[in-house]
Structure formats: C-alpha cells, structure tokens
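S.K.: sequence below, structure please.
(3 chains)
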Amino acid sequence: MPEGQAIHRIARLINERFEGADVVASSPQGRFSDGARRLDGLTAGRAEAWGKHFFMPFADGGSFARADNGPSSGMPAGSALQSEEESSSGRLNAKNAIAPGAEHLAETPLGGTSLGDDGPLWLHIHLGLYGRWHFTGEGSDAIVGAGVRSGNHNAVNVGAGSTVRLRLAANGFTADLTGPSRCEILDGPGVRAAVSKLGPDPVRNEPGDRERFVEAVRRRRSPVGQLVLDQSIAAGPGNIYRADCLFRVGISPLRPGNKVSAERLKALWDDLVETMQADVPDGVIRTVPESLRPEPAKASGAKNPDAESADGDDPEAQRFAVYHRTGRPCLRCGTPVAEKEMAGRRLFWCPSCQR
DNA sequence: ACGAAATGTCTAA
DNA sequence: TAGACCTTTCGTT
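M.R.: Below you'll find the model as predicted:
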C-alpha cells in the first residue's frame, strides 16, 4: 500500500538497524526459504529505494571487509565499477535492454555500489498492495506500509501459520516482511534491469529529472492523471500523491499529457518533490496545503466553514485534499469533489478548480 | 462469518 | 479490460 516516500523511509529504518551487520535471515512462512538461506550470515550493505522498489545489498563478510574503503556505505566503494560504455551496452542482453529515453537510469549505480556480475547479492522487494515491514527490538516497534485506515499495530503471527515471508535479525533488532508482491534476490545486472524500467523518482530528484518528467508527459496523449501513476514516467507517486498533487497545482487529471504546458508540469514535479520528500521522515502523507487546512472547529474566524462542517470529525476525510473526499466540498472553491475510475484506479479531483 | 476495500502491478484475453 | 495475487482491516449481516 505504501507510496514511494514510505519505501525511502523503510530503507532508512533498515539501514539504522542492519547496515554493516551480519544478518540472520529466515522465512517463517516458508515461501522464501531458499532466498533466506542465501542471505543468511551475509553482511548487509546500504539499502536504497527507487520509487516503490527496495534494494538491499548483501556481501560475504570477507570480501566485504576487504573492499570497504568508503566513508559510510560499507560496500565496496566503486571497486568493481565498469566503465559506463562497457556496462550499458556490453552487459545487457535483449531482455535487459534499457527503454529508449531511460538510458541515464541504467548509468546510475545505486548508491555507488557496483552492479557488476560479481558484486553483492541484492534483495529486491516490492510491497504491492499489502506488503508491510514490522520492526521490533530496542523499544523501536514500528509498522511501515500500513494502509490508509489502519491504526492497529499488533498482529504479526509468529509461529505456526506465520505469514512472515522474510525475517532479518541482527543487533537485537528484527525486521519482519509480510505480504510483498515481489521478494527476490537479484545480481547486479538484475538490479540494473529493474531500475531501467523506472522513471525519475521525486524523492531522489537527481539533476535533469524534472526535464525528463516534463518531456515524458508531454510526449503522450493519455490523461495526465494516468501518466503520473505510470512508474516509468515518475517512480514513487501512488494514488494519493497523484490525486492531491494534481489538485495542489490545479491541473485536471483528465487533460491529455501533451496538452499540459511545460510550465505547469514543472510545477507539478516540484510539488511532488516537495510533498514526498517532506513525508519521508515519518512516512505520513500530508498533502493538504497549509492555507487550506481546516481550522479547529471552535475558531471563530474560520475561513472555510463549508469544508469544516462537511468533513465533521471524520479523521480520514481531513487527511487529504481530494483523495477519498468524493462529494465533499473542495477545500479551495467548495465545488463537490468528483470521482471516477481511470484505468482501474479510483481518481479524485475538483472539476472546478483543476483545469 | 462474510464481503469489500486498500497508498499496486502483472498477465491473459 | 478482467482477473489474479499477496494480507489485513473494517463495516455489514
């Protein structure tokens, strides 16, 4: 369920607990037993997110220590990096081919860690709709990846009938993974292939990303609301950021990509960067613009009485600008928020102030 | 108990 | 476009 910002947070939490440690890996559920066996006893490197994808390197303790001369990463600092020409053209077969226009992505080694054949093993995880990480140890219990309405943080079965696909343990910490749609081990070229399918990630926001995003959208005739969810155009935004960031910058999700001006798309990219990056530290999505935030019910000079009364004390309805607010008054103009299905996903927008 | 929904993606038809 | 999949939670019988 989480969008990209939550995956970046997970990478942070994982690194705080496991980076540089020799990890005990297991699969209580049994569906990842082979993979867990391959990771068990290896040294964890620095995990990273790219959009909703999570990548974590594991190296044999010996080779790991020998190659380590980097300041913080703990992974071989570029030791096995091939030249760019070699790696992008030579190594990739047809199946791993880089999508046209996405070449720059394959050139970007994740965190400077080698993506060569003989580098570390990479744990690759996608949480899909239901995946979660559950952390325990040192009073640091946390669940990351919980759904919009979930507040209940207790149940991870341990024991028979456990749903824990992968458990990592070290330093007195445990990280339990349940319900991922993808959980696999890749080699360097495999990581390259996975990343090459992804567009720029607003949380990473590397140089040139904004232009790549703008051009990718303007190249297509599909509605921009669909393009923002296309992970090859922007990696990380999900249904909430899609709806609410389009609202924040006033673009109608129904407008064809090639009919949105470059200026407005730049503003959209900048807004994705700002909102998603701000949400990484605690993982909570906050998309209601400060100026439109409903004031406490008692306040006398409420600017937006409509919005306030209509949402009442339904907490979920106050968390987002238009997401899940069908029929309630737009926080900006009071027009009822509209909803329709677009490519199988529910879409929310203000038909009046998004043009 | 049961069904629906949920911040997602893939495959087949 | 429809269905499959992975799991949990919430609202309705």
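S.K.: give me the low-pLDDT residue ranges for the stretch 251-355 of chain A?
M.R.: Counting by pLDDT under 70, the stretch 251-355 of chain A has low-confidence residues at A:295-315.
S.K.: please apply the same query to chain A.
M.R.: For chain A (pLDDT under 70), the answer is A:1, A:62-116, A:139-141, A:146-160, A:295-315.
S.K.: show me what residue of it gets nearest to DNA strand C.
M.R.: Going by C-beta to the nearest atom of the strand, DNA strand C is nearest to residue A:179 of chain A, at 2.9 Å. In this view, the C-beta of every residue, glycine as well, is placed from N, C-alpha and C.
S.K.: my read: that residue touches residue A:164, true?
M.R.: No: counting by C-beta atoms under 8 Å, residue A:179 stays clear of residue A:164, with 9.6 Å between them.
S.K.: just give the nearest non-adjacent residue to the residue of chain A closest to DNA strand C, would you?
M.R.: Of all residues not flanking residue A:179 in the chain, residue A:130 sits nearest, at 3.9 Å (C-beta to C-beta, 6 or more residues apart in numbering).
S.K.: for burial, what's the neighbour tally of that neighbour?
M.R.: The number of residues packed near residue A:130 is 13, by other C-beta atoms under 10 Å.
S.K.: next one: residue A:346
M.R.: 13.
S.K.: circling back to that earlier point, quick one, which of residue A:179 and residue A:164 is more surrounded?
M.R.: The neighbour count for residue A:179 versus residue A:164, taken as other C-beta under 10 Å, is higher for residue A:164 (23 against 17).
S.K.: who does the more buried one bridge with?
M.R.: residue A:178 (DSSP bridges).
S.K.: quick one: it from DNA strand B, how far?
M.R.: From residue A:164 across to DNA strand B, the span is 17 Å (C-beta to the nearest atom of the strand, to the nearest Å).
S.K.: what's the answer for residue A:48, then?
M.R.: Distance from residue A:48 to DNA strand B, by C-beta to the nearest atom of the strand: 16 Å.
S.K.: hang on, that residue packs against residue A:11?
M.R.: Yes: with contact defined as C-beta under 8 Å, residue A:48 reaches residue A:11; the gap is 5.5 Å.
S.K.: between these two, what contacts are shared?
M.R.: With contacts taken as C-beta atoms under 8 Å, 6 or more residues apart in numbering, residue A:48 and residue A:11 have A:54, A:56 as neighbours in common.
S.K.: now do the helices in the stretch 151-300 of chain A.
M.R.: Per DSSP state H, counting those that start in this stretch, the stretch 151-300 of chain A carries helices over the ranges A:188-196, A:209-218, A:224-227, A:239-249, A:262-279.
S.K.: check which residues of the shortest one are buried.
M.R.: Right, the one you point to is helix A:224-227. For helix A:224-227, the neighbour count (16 or more other C-beta atoms under 10 Å) marks A:224-227 as buried.
S.K.: make JSON lines from the residues you listed and add distance to DNA strand B to it.
M.R.: Shown next, in JSON lines, are the buried residues of helix A:224-227 (distance: C-beta to the nearest atom of the strand, whole Å):
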{"residue": "A:224", "distance to DNA strand B": "16"}
{"residue": "A:225", "distance to DNA strand B": "12"}
{"residue": "A:226", "distance to DNA strand B": "11"}
{"residue": "A:227", "distance to DNA strand B": "12"}
